[in-house]
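Engineer: with the sequence up front, the predicted model follows.
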Amino acid sequence: MTTPSTAAPAVPRAGRPARLLRGRAEDAPWVRPAFLGLLTVTTVLYLWNLSASGYANSFYSAAVQAGAESWKAFFFGSLDAANAITVDKPPAALWPMALSVRLFGLGSWQILVPEVLMGVATVAVLYAAVRRRFGAGAGLIAGGVLALTPVAALMFRFNNPDALLALLMTVAVYCVLRALEQDAGAAKWLVWAGVAFGFAFLAKTLQAFLILPPLALVYGACAPGAIGRRIGRLALAGLATVVSGGWWVALVELWPASSRPYVGGSQNNSFLELTFGYNGLGRINGNETGSVGGGGRGGGWGETGIGRMFNDSVGGQISWLLPAALILLVAGLVVTRRAPRTDTARSAFLVWGGSLLITLAVFSFMAGIFHEYYTVALAPYVAALVGMGATVLWEERTRLVASAALAVTAAVTAVWAWSLLGRTPDWAPWLRWAVLVAGAVAALGLWCAGRVDRRLGLGFAGLGLAAGLAGPCAYTLATVDSGHQGSIVTAGPAGAGFGGMRGGPGGGRDGGTRMAYGFPGGGQTAGQTPGGPGRQDQSQDQGQGRMQPPGQGARTPGGQAPAPGGRLPGIPAAERGGPGGGMGGLLNGATVGAAAKAALLKGADDYTWVAAAVGAQNAAGYQLATEKPVMAIGGFNGSDPSPTLDEFKRYVAEGRIHYLVASGGGGGGGMGGNGTSARITAWVQDAFEQVTVGTSTFYDLTAPK
């Protein structure tokens, strides 16, 4: 990873050049081994105990299994190989996992290793982007900060779309920075940035475009060349974005609806409606038709406002170095204030800083669905600003204002880490005081860094970096040491976040509960760990082959324990799930016993779907257990109008569905749907015999009353 000699000059300081590591130490013998060491440690860290998460989010794992069986399901992102309905996102994030499962078979590692590789690639791209202008030291700091961010360690070991999104956003920023370096060849790099944005859209729709405005503005204002040429290149990049993201959308919209799966998450079987409604403006204003309810201030998704990223729920996921990143962003812009218009150092601060600020603003004020793990999108921006800003201030340390800024950054970071660690007072209580003391010593030393021996100054800088990374590193180690399953997962040790509402082993992990979708209850199937072992504090649930937490796991915030089977008090029976299905199977797949699995597999080849279940998570548990198609009535929430009652009756009359799982997630009516799934359930209950197999209850659709 050598740097061309044509790269930009060093950062100007008050009209005269300042020295950076860039150009002075790039060929040092330690650079390549240090970079390879960073990638090796990141890989080992993210692979550690990976199978503890089993199938992680069963919703996406079921779609991966389907895509590995059927190329049609692969293309559309169907939840089952018979192509009844899709996931509520485009399928790009599923494709690497589905290819892995197609090649190596279904299992936890086959699903999650591609996510780990995305995390390692993101660290590598971030390092390359920062190193080009600010030196190997800055790149290593940025890569290390990213790798040790708790929410990054969570999501690069999990099968949600956010891992691919974070990688592609980092690639897009890298390409824009390359385009800003020189006039010749800029168009090529902008086109590649457009391609990255297009495929990021196919991972998580409009969230991919959050950082488009600042990147386009910075290029238009700061790139070399005539203004007309700059605008033309931006238009070309926009065309690349439309083509790389729009080809799949066009095919889905033009494909006859009768021969493709229903678009999950939409109410009119339209991907465009899904994009601009449930997955678009609905996330901003909270008006999400077919969802389980938006938020607003104090609503079901927590308090909105600038403090959201620092609150009990989100703070431990991403905010450890967020104050430092903001301080260093301002410092970097001050240092480069007199630089020429095309200065690439200032452009880098504007690009990374603009991406951070706009994403931070949207996440802080969005009134719709918001989960803590979304904040992984912020991690590369925070890491880049920390690496860049610390390096610039270090090179300017002979100026009192620069050394003071370094000292303030170290002090603020240590105090904030002390505060975050105080939210888990019973977990490593010594660490918060060690961080505070080390940070205070580092701050005092950095204040004088420009007036002491360089080696002593480097010692204080290293101490400050260690103090700043100690908290997130500890949270990251706790994250990789435990499994995470379900639709709502969080990083860190047990009891971290949610204002102390978590019980059991921790929210979003085995047995954990939290306030979700406006109801008390689990973000987690109790102990479902297909494909891998569960946590060590679990006991074996005899007869089901799954790990269950002792005493049925956690309690709700009000102190009530879930009823047997993972059901929670206060939730209507129509909205409860099967055994183990947190929030009625809404938040994780049901646990499937050996007897139920055998019943579903008996004569399975005679049916298109061996079963149907209300809610995608409920269906996912049975599909992953049998590796046979299970129809998810109503999609994720059970609220999508697919299939209709008439369609379902036709499937039954044609003998295409064997069973209906008696309990379902969402129910269609109670969770904001139009009642389609509730009508299907009522019809089946009136017309067919109920059978109990092991711990599961089915309606046999081949045995009318």
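Structural biologist: Sure thing, it's come through. No experiment lies behind these values; they were computed from the predicted model shown.

Engineer: okay, residue 564: pLDDT?
Structural biologist: Note for residue 564: predicted pLDDT of 30.

Engineer: for residue 368, same thing?
Structural biologist: pLDDT recorded at residue 368 is 83.

Engineer: chain neighbours aside, what residue packs nearest to it?
Structural biologist: Among residues not flanking residue 368 along the chain, residue 283 sits closest, at 4.0 Å (Cβ to Cβ, 6 or more residues apart in numbering). Bear in mind the C-beta positions are built from the backbone N, C-alpha and C, glycine included.

Engineer: and the one you found, what does it touch?
Structural biologist: Counting by Cβ atoms under 8 Å, 6 or more residues apart in numbering, residue 283 touches 366, 368, 369, 370.

Engineer: what's the distance between the last one and residue 260?
Structural biologist: Separation of residue 370 from residue 260 (Cβ to Cβ, to the nearest Å): 31 Å.

Engineer: where's residue 465, which helix or strand?
Structural biologist: Using DSSP states H and E, residue 465 maps to helix 454-480.

Engineer: of residue 370 and residue 260, which one has the most company?
Structural biologist: Neighbour tally, residue 370 and residue 260, criterion other Cβ atoms under 10 Å: the higher count belongs to residue 370, 24 against 17.

Engineer: over to that one. Which of the three states is it?
Structural biologist: Per DSSP: H, G, I helix; E, B strand; the rest coil, the local secondary structure of residue 370 is coil.

Engineer: residue 195 contacts residue 238, doesn't it?
Structural biologist: No - in this structure residue 195 lies outside contact range of residue 238 using Cβ atoms under 8 Å: 11.6 Å.

Engineer: give me the pLDDT for the residue most central in space within the chain.
Structural biologist: Central residue of the chain (Cα atoms, centre = their mean): residue 162, 3.4 Å from the mean position. With respect to pLDDT, residue 162 has a value of 97.

Engineer: got the phi and psi for it?
Structural biologist: Backbone torsions of residue 162, given as degrees, to the nearest 10, read phi -70, psi -30.

Engineer: output the below-cut-off pLDDT ranges for the protein.
Structural biologist: Within the chain, the segments meeting pLDDT under 70 span 1-27, 286-301, 495-586, 663-674.

Engineer: and the residue nearest to residue 368, how far from residue 92?
Structural biologist: 19 Å.

Engineer: again with residue 370
Structural biologist: Taking Cβ to Cβ, one finds residue 370 at 22 Å from residue 92.

Engineer: residue 80 now?
Structural biologist: Taking Cβ to Cβ as the measure, residue 80 falls 19 Å from residue 92.

Engineer: higher neighbour count, these two?
Structural biologist: Neighbours per residue (other Cβ under 10 Å) separate residue 80 from residue 92, with residue 80 holding more: 29 against 21.

Engineer: contacts only, for the more buried one.
Structural biologist: So residue 80 contacts 62, 66, 73, 609, 619, 623, 629, 630, 631, 632 (Cβ under 8 Å, 6+ apart).

Engineer: equivalent analysis for residue 311, please.
Structural biologist: Listed by Cβ under 8 Å, 6+ apart, the contact set of residue 311 reads 302, 303.

Engineer: dump the residue contacts of residue 493.
Structural biologist: Per Cβ under 8 Å, 6+ apart, neighbours of residue 493: 424, 427, 428, 474, 475, 478, 506.

Engineer: could you pull out the strands for this structure?
Structural biologist: For the chain, the strands defined by DSSP state E cover 12-13, 16-17, 513-516, 519-522, 539-541, 546-548, 609-614, 630-633, 657-661, 688-693, 696-704.

Engineer: so what's the gap between the last one and the chain middle?
Structural biologist: So the one you mean is strand 696-704. A distance of 38 Å separates the centroid of the chain from that of strand 696-704, by Cα atoms, centre = their mean, to the nearest Å.

Engineer: so what are the sheet partners of it and their directions?
Structural biologist: Partners of strand 696-704 in the sheet, by DSSP bridges, are strand 657-661 (antiparallel), strand 688-693 (antiparallel).

Engineer: returning to what we had before: of all the contacts of residue 80, which two lie farthest apart?
Structural biologist: 73 and 619 (13.8 Å; Cβ to Cβ).

Engineer: the two: who's more crowded?
Structural biologist: residue 619 (36 against 27).

Engineer: residues in contact with the more buried one?
Structural biologist: 62, 79, 80, 589, 611, 612, 613, 630, 631, 632, 633, 661.
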